[in-house]
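S.K.: make a model of this:
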Amino acid sequence: MRSLVLVVLLLSGCSDVWNDPYPASERGANILYSVFPERPKHLDPAQSYASDESTFTRQVYEPPLQYHYLKRPYELIPLTAVEIPKAHEIEGGKFTVYDVRIKPGIRFQPHPAFVARNLELNSERIDKLKSPYELSLGARELTADDYIYEIKRLAHPQLHSPIFGLMAEYIVGLKEYAATLEKAAKAAKPGEWLDLRAYPLEGVTRVDEHTYRVKLKGSYPQFVYWLAMPFFAPMPWEADKFFAQQGMAERNLTLDWWPVGTGPFMLSENNPNARMVLVRNPNFRGEPYPSEGEPGDAARGLLADAGKTMPFVDKAVYTREKEAIPLWNKFLQGYYDLSGIGSDSFDQAVRISLEGEAGLSPEMEARGVRLDTSIAPSIFYLGVNMLDPVLGGTSERARKLRQALAIAIDWEEYLAIFANGRGVPSMSPLAPGIFGFREGKDSINPITHEWKDGKPHRRSIEAAQKLLAEAGYPDGRDAKTGQPLVIYLDTTQRGPDDKSAIDWWRKQFAKLSIQFEPRQTDWNRFQEKLRKGSSQLFIVGWSADYPDPENFMFLLHGPQSRAKNGGENASNYANPEFDALFERMRTMPNGAERQRVIDRMTEIFRRDAPWIGGYHPKNFGLFHSWLANAKANEMSDNKLKYVRVDPVKREEMRRQWNRPVLWPVLLILAVLVLSAIPAFRSYRKRERMAARPAT
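M.R.: Below you'll find the model as predicted:
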């Protein structure tokens with residue numbers, strides 16, 4: 001039994017938390033812990049566009065503008081710029097210029113590119129490098145030339161920037177600049193660095209050390225929104241040259257792997273299969289936390305740090321989690337400070353009230369977890385191919401047929417069954433949070449819904465049946481021929497897990513006695529049918545690049561027809577009045593007049609029904625009680641600088657939630673010891689017998 005006592009003493013002397021996945025040296029440190037699901041492909045601002053990449057790029061790079069962290073609708077504010085640049089028309093409106101003035105005194109993060117000798121490294125030194133931070137570090141001030149250099153990089157022949165095509169339509173000379181760089185790259189020696197400073201760009205010029213000018217063709221008011229994206233963040237020529245040295249790319253020493261910026265954090269560790277680490281940029285100038293927000297923010301504690309200097313955390317550790325269950329378990333153990341909610345854990349985390357409101361489960365409330373929900377600036381919609389002879393066109397027959405379907409297809413039920421209620425039915429082309437979106441009673445589509453008891457209610461199936469009969473299809477049959485009406489939905493849902501969704505769609509059409517036929521195909525074939533305009537019904541989605549109504553309404557703009565012009569108008573919808581209003585609305589400033597135009601466009605959209613309903617996804621976020629200032633911002637992911645952690649409270653809660661349960665171990669040990677006693681006694685007895693002297 002003395003052995004058992006010794007084991008108990010050893011166990012009691014161990015740490016009271018045995019499952020901590022982090023080094024003991026990090027306990028109590030001012031660190032945020034989070035996850036990333038997919039390895040980032042691009043961290044170069046000229047190429048990066050994916051949301052999983054922005055988790056890192058948005059903390060390092062600083063474009064001239066950003067979105068207010070708390071206010072809704074989303075509002076642009078200066079970041080490195082002194083003010084939001086104003087558009088100035090020249091040559092009678094043929095061109096528009098923006099002068100972007102940068103705050104003086106901003107410095108880049110420490111980096112070896114700013115040390116001259118590091119720009120001429122020999123191959124032997126490069127072969128030994130695992131990180132650029134193994135070299136001597138330097139820094140310098142941000143200038144207008146750094147922003148100019150990055151805009152030039154959008155046309156670099158080796159980068160293939162995803163926004164080059166769009167920007168080439170507006171930035172004067174950018175398309176020709178790409179041809180110039182292509183020619184220069186072909187004439188260069190193998191491995192020779194292409195110094196973009198040697199090639200002027202007509203549409204982007206230096207005014208002074210801290211001011212640059214962008215010249216656009218015609219008018220493009222939405223350009224200022226692009227100035228809030230990393231595509232327009234500064235890039236020092238030194239960093240471009242540093243990573244262009246022979247042998248760097250082979251060792252993953254590139255801008256796609258090691259970003260260089262002026263932001264509050266710098267990437268210090270990049271292991272995209274396991275762990276990414278951001279640390280505070282020692283050269284960051286500091287930025288005040290917002291002092292105002294939307295109603296309710298103060299009550300939620302989101303203004304407690306108003307005016308204090310950001311960032312608040314010293315470091316952020318991101319662990320790659322490919323599976324939802326391990327992520328969820330580690331969040332419950334306190335090892336991740338925040339989490340989304342997967343379908344497997346939704347019922348454990350959230351309770352939906354009879355009124356449809358989401359709230360925390362008792363277990364989450366007991367842990368002090370906070371729930372934050374936000375409507376994404378996105379839309380998924382059931383589109384009608386307006387070129388289709390049955391559902392498409394502008395006739396009253398086709399319009400009433402589409403309206404009948406819009407009433408019958410119950411998107412509220414769809415969200416409840418297939419999305420855990422994480423979404424809201426769309427009533428217009430605009431998503432919540434976008435200027436022009438109406439709230440409350442004014443938000444409903446009067447064709448599909450009516451306002452009762454302070455909320456929208458879908459109209460009865462009888463109303464849909466009446467419209468269907470007026471369209472010439474009583475009881476789902478053609479009144480002239482008696483033939484049943486058959487409607488086809490093109491979908492990429494093909495697996496056995498998608499059967500329930502297909503059955504649900506069939507049920508919706510059966511309400512009107514319409515025969516439903518799914519045409520299941522792969523993604524490439526699906527896209528081909530949209531390009532050719534050979535579909536009838538289809539489901540697609542759109543996420544806004546910027547929070548302007550133009551970025552949604554253009555999905556219905558006639559000249560943007562997918563089948564006719566290769567645009568984003570997948571429904572091939574065309575209405576002369578809507579198109580004229582769009583051209584007027586897109587260049588208007590936000591205000592009462594623009595709202596009136598948007599209201600009329602929305603009215604036309606609801607009447608014509610080129611989309612038969614849809615929904616806006618609702619994102620759910622969970623935050624532990626020790627994480628402050630956490631609020632979803634769907635237009636920008638530069639959130640790290642705003643959040644604050646209480647490491648002392650976190651350590652205390654981790655100890656409470658992860659105390660080792662010793663009694664099973666002790667019980668097993670006791671059973672083993674007790675079961676060994678008879679054998680030990682038998683062994684001792686045999687030993688004594690063998691030791692007796694012979695008589």
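S.K.: only C-alpha atoms for contact and neighbour calcs from this point on.
M.R.: Fine.
S.K.: relative to Arg607, how far out is Ala406?
M.R.: The gap separating Ala406 from Arg607 is 11 Å, by Cα to Cα, to the nearest Å.
S.K.: to clarify, my last question referred to Ala239.
M.R.: 54 Å.
S.K.: and Ala274, how many neighbours?
M.R.: Neighbourhood size, Ala274 [other Cα atoms under 10 Å]: 16.
S.K.: that one is in contact with Lys322, isn't it?
M.R.: No: at 9.9 Å, Ala274 does not count as touching Lys322 under the criterion of Cα atoms under 8 Å.
S.K.: once you drop chain neighbours, what's closest to Leu135?
M.R.: Leaving aside its sequence neighbours, Leu135 sits nearest to Pro112 (Cα to Cα, 6 or more residues apart in numbering; 5.9 Å).
S.K.: hang on, the one you found packs against Arg140?
M.R.: No: Pro112 lies out of contact with Arg140 (Cα under 8 Å); the separation is 11.3 Å.
S.K.: which one's more surrounded, these two?
M.R.: Shown here are Pro112 and Arg140; by other Cα under 10 Å, Pro112 has more neighbours (21 against 16).
S.K.: check what pLDDT that one gets.
M.R.: If you check Pro112, the pLDDT there is 98.
S.K.: list the contacts of it.
M.R.: Residues in contact with Pro112 (Cα atoms under 8 Å, 6 or more residues apart in numbering) are Asn118, Pro132, Tyr133, Leu135, Ser136, Leu137, Gly138.
S.K.: same deal with Lys94?
M.R.: Lys94 neighbours (Cα under 8 Å, 6+ apart): Lys217, Gly218, Ser219.
S.K.: from the residues you listed, pick the one nearest Ser345.
M.R.: Nearest to Ser345, judged by Cα to Cα, of the contacts of Lys94 is Ser219 at 48.3 Å.
S.K.: mind checking the SS state of the closest one?
M.R.: At Ser219 the chain is in coil, as set by DSSP: H, G, I helix; E, B strand; the rest coil.
S.K.: could you list the buried residues of stretch 186-205?
M.R.: Within stretch 186-205, the residues that qualify as buried are Trp193, Leu194, Leu196, Leu201, Gly203, Val204, Thr205, counting by 16 or more other Cα atoms under 10 Å.
S.K.: so for stretch 90-103, mean pLDDT?
M.R.: Mean pLDDT, computed over stretch 90-103, is 96.
S.K.: what does the model give Ser343 for pLDDT?
M.R.: The per-residue pLDDT reported for Ser343 equals 79.
S.K.: the closest residue to it other than its chain neighbours: neighbouring residues, count only.
M.R.: Nearest residue to Ser343 in three dimensions, chain neighbours excluded: Asn420, at 7.5 Å (Cα to Cα, 6+ apart). Neighbourhood size, Asn420 [other Cα under 10 Å]: 16.
S.K.: Ala419 and Pro78: what is the separation?
M.R.: As for Ala419, its distance to Pro78 is 37 Å (criterion: Cα to Cα).
S.K.: who has more neighbours, these two?
M.R.: In this view Ala419 and Pro78 are compared by other Cα under 10 Å, and Pro78 has more residues nearby, 19 against 13.
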